[in-house]
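Asker: Compute the structure for the input listed below.
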Amino acid sequence: METADKQDAPTAVAVVDPDGTVSGWSEGGRLLLGWTAEDTVGRPVTELLVDPAPPGFPEGYGTGPDPTGFIPLRHRDGSTVDAVVTAHPLSGPDGRALGHVMTAQRWGRRPVIADRAFEQSPFALGVYDPDLRFLWINTSSCRVIAHSEEQVLGKKYREVLPEFDRTLFPERDDKPYTDALAEVARTGEATRLITVFRPRGSNYANAWATSIWPVRDAEGRVRAVANWGFDMSAEYWARQRLLILNKAGAGIGRTLDVTGTAQELAMTPVPGFVDLVSVDLFDEVLRGEEPPSASAFDPDQTITLSRAAQHSAQEGADPAAGPTAPVSHPAGSVAARCMVTGRSTVELAAEPGQGGEWAFGPGLAADPAHWPPGNPVIHESLAADGLTGRITVPLRARGALLGVVAFSRLDRPEAFTADDLILTEELAAKAAVAIDNARRYARERTTALTLQRSLLPQGLPIQEAVEVASRYLPGGTGTEVGGDWFDVIPLSGARVALVVGDVVGHGLHASASMGRLRTVVRTLADVDLPPDELLTHMDDLVLHLANDLQPTGHFQPTGETGATCLYAVYDPVSRRLTLASAGHPLPLIISPDGTGTPVPAQPGPPLGIGGLPFEATELELPEGSLLALYTDGLVESRERDVDQRTTELQRALDLSATSLEALCDTVMDAMLPDRRTDDAALLLVRTHALDPHHVADWDVEPDTAQVPRVRKFAVDQVSAWGLEEAAFVTELVVSELVTNAIRYGEPPIRLRLIRDTSLICEVSDASSTAPHLRRARAFDEGGRGLLLVAQLTQGWGTRHTSNGKTIWCAQTLPASGPS
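Answerer: Below is the predicted model:
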């Protein structure tokens, strides 16, 4: 009654007497359970059972619609064999019951051809009992665990395969697999998982896809756990390469900083792909300059670079942050050859094989890709350096060589494959473009900053009207230079103009536009235009600049145009501030008692809109008032709105500061974060009032007979100020200016003398006609007055007012003298 192939499918056959005693035993029983006929004949059949005999066993066992039953049997070695048992009654010629013929076959067995199909499957197949004892494994599983079926049957998984110390063998961790087996046995729910581990006897990590499911009996009870798995290493590692490339796409080039981008390249493939990455760049690249040309490389010369970044999977192996260290690559070295030839090189640490040959190992031998010429190179010296493999790739972007990067493996023995070389070259190509972008940005930023700082005031002028301090900070790394500017312009009559503005856009275009606008403001300020008129002229100019940028073809201009500007004039004689804004934030004004002074004005449209008016606002300030003129980069924030930030700025304006310079530092520290997205300018101004005793004025009747009288008043006042050496020139210029006003101007006429850093003489009248300097001919009786004034003084000019005009001139005073 046994099958033809006992070894493939052993079937135990037993003859059981009516009293339950075994009277016959087959060879299949010995193969299945280990018991011989001498062991079993004459003994109760129930001694072969693991559990107590089920009801009706053996007489009624196996009856009903399903004549077979599942029952665990006791193996001679003490293990349990889950078997399918069938009982067939035996009868004599007279119909008398002679007992039963019972057959037992390992539960789950199929016919021989099916057994052989599973046995020879390329997939790893296995069956465990609920306690994770091996019931059956095929040949593929035997190869994976490096044990034969005879060595493992009946034993628990951990008895055969002890758990590795994961601190010593992190790649051989099969705990997720055993946890999944136990979970399926406990819950009866199937599962799938991917595990990465090194098979027994191999130094190369494989990725396995495994399905685990419960095996139930007819009553639905979990009697075993089965699994199948296959090696999906090629697909898994291809996916890992794609993940690394995806990580590189998101992680490399996030900042426009050369060193930061090099560090991003070094960190991206560690530890998922390699254990150590070093990035060496030319010093010119680090400085934002053009890298050396290819013709500059001599194959027989050492190439010196700087270690821009290095990252290791080992803790504490990375160098501390600091200046880049020089690294020399001797002529003939792998790195030098890579840079000279422009080709990557793969180095492998060979392992001694049989017959004195060097073995690549299964990882390399199974590599389906084609290696480029000259790769891989077997270097025994790598092992001496603690490396198992290294890929060296030149960093090239836009035809220029920037440096070299080395990808090294330290502890893992897997050999690099040709696909790994492709991955490293992709990483290097992406990083090289990002590094070159950062280098170009650094160069342009340096140029723009140099231009910006050269166009800003190098030193604020000395004058008595106000005390000033200023700061300008460009945006943080990764942002382009903007067009913020400020200025302090001395005006006639001891007045001073305060300017702050911001050009739309960033970069060289913004810096150049800022320089043009600053020049325009100074030019218009020299004409002494009121703030609203000055902004109107600037608006027209910006419109003209925009038209100049229009191309001749059908394309629209790419450069942005437009600007905001605040122009204010402070008069220390009257303590009045007149201001107008073209879309720019109004200044903050703090009175000497610490209270804020509201500015009753509304900003007008930005420059470049055209067709809209600007309005001037005038207010009187107490002496010692503090003004804060700023650009929007100082108060803009992503976390808080502009009103909140303006309130913070007002709180930061502490009048108890020792100086305006110190207050500037305090404000910039309080308002600007470490990572600025825009440049910011701040101009702090503390107003002074001119001593009334330093101002003298007279009303002049429109009669030339009054000129001698006026001259005497001027000489007496200058002498009273202790400026006797200036009396002669003052007498002459007063005589000329008053005479011109009487002859060519309109009443009322007024003379004013101001003692400031210079001695200022002003003559005002109601006429809007301005005089012009001209050269008199030899026999002309007039025309020499203004020429005389220009020769005797250090400056003169005309300013128009709402009531007429004022002609002024200024004489330089000695460095010291009586008050």
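Asker: Figure out the helix or strand that residue 523 lives in.
Answerer: Secondary structure assigned from DSSP states H and E places residue 523 in helix 508-526.
Asker: so what secondary structure elements neighbour the helix or strand that that helix is followed by?
Answerer: Per DSSP H and E, the first helix or strand lying C-terminal to helix 508-526 is helix 531-548. If you count contacts as 3 or more Cβ pairs under 8 Å, 6 or more residues apart in numbering; DSSP states H and E, helix 531-548 packs onto helix 508-526, strand 563-571, strand 576-582. Heads up, the C-betas are built off the backbone N, CA and C, glycines and all.
Asker: and those, which one is worst for confidence?
Answerer: For those, mean pLDDT drops lowest on helix 508-526, to a mean of 81.
Asker: Could you give me the buried positions within that helix?
Answerer: Neighbour-count burial for helix 508-526 flags 508-515, 517-518, 520-521, 524-525 (criterion: 16 or more other Cβ atoms under 10 Å).
Asker: and it with strand 563-571, angle?
Answerer: 30 degrees (axes from the mean of the first three to the mean of the last three Cα atoms, to 10 degrees).
Asker: Please give the centre-to-centre distance between helix 508-526 and its chain.
Answerer: The chain centroid and the centroid of helix 508-526 are separated by 34 Å under Cα atoms, centre = their mean, to the nearest Å.
Asker: CA atoms only for it, dumped as PDB, please.
Answerer: Output for helix 508-526, consisting of C-alpha atoms alone and laid out as PDB, is shown next (Å, rounded to 0.1, in the frame of the first residue of the first chain):
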ATOM      1  CA  LEU A 508      23.400  94.200 -11.400                       C
ATOM      2  CA  HIS A 509      20.500  95.800 -13.100                       C
ATOM      3  CA  ALA A 510      19.000  97.000  -9.800                       C
ATOM      4  CA  SER A 511      22.400  98.300  -8.600                       C
ATOM      5  CA  ALA A 512      23.100 100.200 -11.800                       C
ATOM      6  CA  SER A 513      19.500 101.700 -11.700                       C
ATOM      7  CA  MET A 514      20.100 102.700  -8.100                       C
ATOM      8  CA  GLY A 515      23.300 104.500  -9.100                       C
ATOM      9  CA  ARG A 516      21.500 106.400 -11.800                       C
ATOM     10  CA  LEU A 517      18.600 107.400  -9.500                       C
ATOM     11  CA  ARG A 518      20.900 108.500  -6.800                       C
ATOM     12  CA  THR A 519      22.800 110.700  -9.200                       C
ATOM     13  CA  VAL A 520      19.500 112.200 -10.400                       C
ATOM     14  CA  VAL A 521      18.400 113.000  -6.900                       C
ATOM     15  CA  ARG A 522      21.600 114.800  -6.100                       C
ATOM     16  CA  THR A 523      21.400 116.700  -9.300                       C
ATOM     17  CA  LEU A 524      17.800 117.800  -8.700                       C
ATOM     18  CA  ALA A 525      18.600 118.500  -5.000                       C
ATOM     19  CA  ASP A 526      21.300 120.900  -6.300                       C
END
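Asker: which secondary structure elements does that helix contact?
Answerer: Short answer (3+ Cβ pairs under 8 Å, 6+ apart): helix 508-526 packs on helix 418-455, strand 483-490, strand 496-503, helix 531-548, strand 563-571.
Asker: I'd like these as JSON lines, with distance to residue 221 appended.
Answerer: JSON lines is the format used below for the helices and strands packed on helix 508-526 (distance: least, Cβ to Cβ, whole Å):
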{"stretch": "helix 418-455", "distance to residue 221": "48"}
{"stretch": "strand 483-490", "distance to residue 221": "80"}
{"stretch": "strand 496-503", "distance to residue 221": "80"}
{"stretch": "helix 531-548", "distance to residue 221": "85"}
{"stretch": "strand 563-571", "distance to residue 221": "82"}
